[in-house]
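> Got a predicted model here, sequence first, then my questions.
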Amino acid sequence: MTNGMMYFPRMLDKIRLHARGELHEDYHANLGAARAADGACSNLLRVRYDDLRERVLQGGTDEDILEWCFEKGRRLNEGDLVVWNGFASKLGWRDFATPMLERMKKANGISDRDDIATISDLIDFDEGRAT
């Protein structure tokens, strides 16, 4: 988390990795996509993803970049964070991202894993934080 905001640091890490040519190809299609977590996060902050990417590549901490988002877009309050974190933690569970989650589970050979019900669950599995 960055200042209580889930997913934001992950989005910035993906931007940095992509710029260095180190982002796994599986993530390229949804990088900055409007109907994916990057687009939803940018939209919530009311900043254009391309502008955010440029700012990230200029350097700075995640906290600095989030403050830039607040200045260029809108500042989130505690209620915004509750709603965002709820959305981010449940993405893929019975929503528009469910078909993508199912495709990704199939591609990873884990279609039978009912315990992997969200994109966050899949990321944790993929990155070794869940078995």
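That came through fine.

> Now do the contacts for the residue located most distally from the centre of the chain.
Within the chain, the residue lying farthest from the chain centre (CA atoms, centre = their mean) is residue 112, at 24.4 Å. By CB atoms under 8 Å, 6 or more residues apart in numbering, no residues touch residue 112. C-betas here are computed from N, CA, C, even on glycine.

> ok so it is a strand residue?
No: Residue 112 sits outside any strand when classified using DSSP: H, G, I helix; E, B strand; the rest coil, being coil.

> Report pLDDT for it.
For residue 112, the pLDDT comes out at 96.

> Could you report the separation of it from residue 106?
Residue 112 sits at a distance of 10 Å from residue 106 (criterion: CB to CB, to the nearest Å).

> Next, the buried residues of stretch 8-19.
Neighbour-count burial for stretch 8-19, counted by 16 or more other CB atoms under 10 Å, picks out 8, 9, 10, 11, 12, 14, 15, 18.

> one step back: dihedrals phi and psi, the residue farthest from the centre of the chain?
phi -80, psi 0 (degrees, to the nearest 10).

> Against residue 91, how distant is it?
From residue 112 across to residue 91, the span is 21 Å (CB to CB).

> And residue 46, by the same measure?
From residue 46 to residue 91 the distance is 20 Å (CB to CB).

> The two: which is more packed in?
Using other CB atoms under 10 Å as the criterion, residue 46 and residue 91 rank with residue 91 on top: 23 against 13.

> residues contacting the more buried one?
Residue 91 neighbours (CB under 8 Å, 6+ apart): 37, 40, 97, 118, 119, 120.

> Just give the nearest non-adjacent residue to it, would you?
residue 119 (4.5 Å; CB to CB, 6 or more residues apart in numbering).
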